[in-house]
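In: Sharing a sequence plus its predicted fold:
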Amino acid sequence: MAITLEPIAVDVKPPKAYATKIPLEPQEASEQPLEQSPSRLSPLLCLPAELRHKIYRLALTDSEPFIDPCIYSPSTSTIKSPFHSIPLLSLNLLRTCRQIHTEATSLAYLHRENIFQFTTVTHCHSFLSQLGSSRAQEIRILSINLRLVAQGDAATAHEWLAYTSADACGGLWTQRRLGTLRTDLPNLRCVRLDLSGWCRPGYGQHRWEYFRSIARGLGGLECVAVGGEVKLRNLELAVCEPWAPELFLTNDVIDRREGMPYGGTMVDLMSSAVLRDGQGEDWGEKDLEVLWSIANGKVMLELSRRDRAAKRLSAIDLNHWTAPWTESYRRCPGRLSSSCTWEEYQKQVNTYRPSPSHRKNPTREEILAMAMNGYLEEAIWSSSQSG
């Protein structure tokens, strides 16, 4: 018995949710209230944008440096530095909602205003590589701690010398393996050189030559700063200039009977990092400003460009030094925390420079000028010769 199947007509209509035509007439608003998102309930997002930006800056920045920071990932095996230290920041704020994360990261407070300090080139290059080129371009301040160099680590000394060199010739093994500071941080504006531990007796000339090589490699910066530990006695420090090499390179007063054995001051060396743009062109000296601070056994010296003072991120927090002054400091408080222009600095340095003609029968005014301008050893020697 044959069975015949008759076709069944099925009326297929698209559901209303997938309507093929867009209504031209405006639809009536729904009377049901929309559910508020969690971001609308946040008191932080109810504040004006200016106040939110201040909160982001306080939460994501710190005055203490990030010492040898590292980013851990399964694909890399970064060895943690023994000097590793990270300030406590409120980074959980970035995980609250997408809007806060977008606002806070777009301001680049985390990378632009924080100070990253490194003791070795390996930790520096590893962190910047894992951070990414886009984030690395936001870093403006870098601190280089040369404590291992002061301890006699020849490998670290050679790596920093090659890494900070402006000439990426590619011939050095360190540059082929790790690149240069200029390529890793193209928007770098300020460099801090921590010379803590350098004030030791002997080898002052070697430290001077090494620091001069580091300063020559840097270029195109808006400011450069050096910091160290004060090891001089109160009498020596009271008459010592804030840019004297004795404050940074050795704890022995340099014998200046032969003039200036080191060939200049710390500011003279630092000027090569600010006056030159990296291609050999010079900036105007009239735009430079010298700042210094001496307190609590620490000394900081900064050379910066005044023409970009509004954009400059100063490496020295002068309000941070709150230690009480000793009696010898009270006589000239302006020398401890102050600033001067490049012209004023040149006048102070050139006020008196000892010469062989002044060694025989110097006057009382000449001896006083020697002492007040930092030439303590010369003043003592001349005073003994004059009787």
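Out: Done, it's in.
In: now the one helix or strand residue 343 maps to: mean pLDDT?
Out: Using DSSP states H and E, residue 343 maps to helix 342-349. Across helix 342-349, the average pLDDT comes to 81.
In: Show me what that helix is packed up against.
Out: Using 3 or more C-beta pairs under 8 Å, 6 or more residues apart in numbering; DSSP states H and E, the elements in contact with helix 342-349 are strand 288-295. C-beta coordinates here come from the backbone N, C-alpha and C atoms, glycine included.
In: about what we covered before: how much does the helix holding residue 343 deviate in direction from strand 288-295?
Out: Interaxial angle, helix 342-349 versus strand 288-295 (axes from the mean of the first three to the mean of the last three C-alpha atoms, to 10 degrees): 60 degrees.
In: What residues sit buried inside helix 342-349?
Out: 342, 345, 348, 349 (16 or more other C-beta atoms under 10 Å).
In: Can you tell me the closest non-neighbouring residue to the last one?
Out: The shortest distance from residue 349 to any residue that is not its chain neighbour, by C-beta to C-beta, 6 or more residues apart in numbering, is 6.4 Å, and that residue is residue 265.
In: what's that neighbour in contact with, if anything?
Out: Applying C-beta atoms under 8 Å, 6 or more residues apart in numbering to residue 265 gives the contacts 241, 243, 244, 245, 349.
In: cutoff 7 Å now
Out: 243, 244, 245, 349 (C-beta atoms under 7 Å, 6 or more residues apart in numbering).
In: May I see those organised as JSON lines, with distance to residue 103 added?
Out: Supplementary listing: these in JSON lines, determined by distance: C-beta to C-beta, whole Å:
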{"residue": "243", "distance to residue 103": "43"}
{"residue": "244", "distance to residue 103": "47"}
{"residue": "245", "distance to residue 103": "47"}
{"residue": "349", "distance to residue 103": "48"}
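In: Show me these that map onto helices.
Out: Secondary structure assignment (DSSP state H) places residue 349 from the contacts of residue 265 within helices.
In: Let me know the closest of the contacts of residue 265 to residue 293.
Out: Of all the contacts of residue 265, residue 293 sits closest to residue 243, with 12.3 Å by C-beta to C-beta.
In: And the helices in the stretch 51-200 of the chain?
Out: 98-106, 109-112, 121-131, 133-136, 147-150, 154-163, 173-178, 181-184 (DSSP state H, counting those that start in this stretch).
In: who wins for proximity to residue 62 among the ones you listed?
Out: Of the helices of the stretch 51-200 of the chain, nearest to residue 62 by C-beta to C-beta is helix 109-112, at 10.3 Å.
In: Okay, now the unreliable bits of the protein?
Out: Applying pLDDT under 70 to the chain picks out residues 1-41, 70-88, 108-109, 166-177, 199-204, 231-240, 250-263, 276-285, 307-336, 350-387.
In: biggest helix in it by residues?
Out: helix 204-217.
In: That helix packs against which elements?
Out: helix 154-163, helix 266-275 (3 or more C-beta pairs under 7 Å, 6 or more residues apart in numbering; DSSP states H and E).
In: do that again at 10 Å, thanks
Out: helix 147-150, helix 154-163, strand 190-194, strand 223-229, helix 266-275 (3 or more C-beta pairs under 10 Å, 6 or more residues apart in numbering; DSSP states H and E).
In: tell me which residues in that helix are buried?
Out: 204, 207, 208, 210, 211, 212, 214, 215, 217.
In: pretty sure the last one contacts residue 210?
Out: It refers to residue 217. No - Residue 217 is beyond contact range of residue 210, at 11.2 Å (criterion: C-beta atoms under 10 Å).
In: Now do the shared contacts for the two.
Out: Among the neighbours of residue 217, those also in contact with residue 210 (C-beta atoms under 10 Å, 6 or more residues apart in numbering) are 160, 161.
In: As PDB, could you dump the C-alpha coordinates of the helix holding residue 343?
Out: Written as PDB, here are the backbone C-alpha positions of helix 342-349 (Å, rounded to 0.1, in the frame of the first residue of the first chain):
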ATOM      1  CA  TRP A 342      75.000  79.400  35.400                       C
ATOM      2  CA  GLU A 343      76.400  83.000  35.300                       C
ATOM      3  CA  GLU A 344      76.400  83.200  39.100                       C
ATOM      4  CA  TYR A 345      78.000  79.800  39.400                       C
ATOM      5  CA  GLN A 346      80.800  80.900  37.000                       C
ATOM      6  CA  LYS A 347      81.400  84.000  39.100                       C
ATOM      7  CA  GLN A 348      81.600  82.000  42.300                       C
ATOM      8  CA  VAL A 349      84.000  79.500  40.800                       C
END
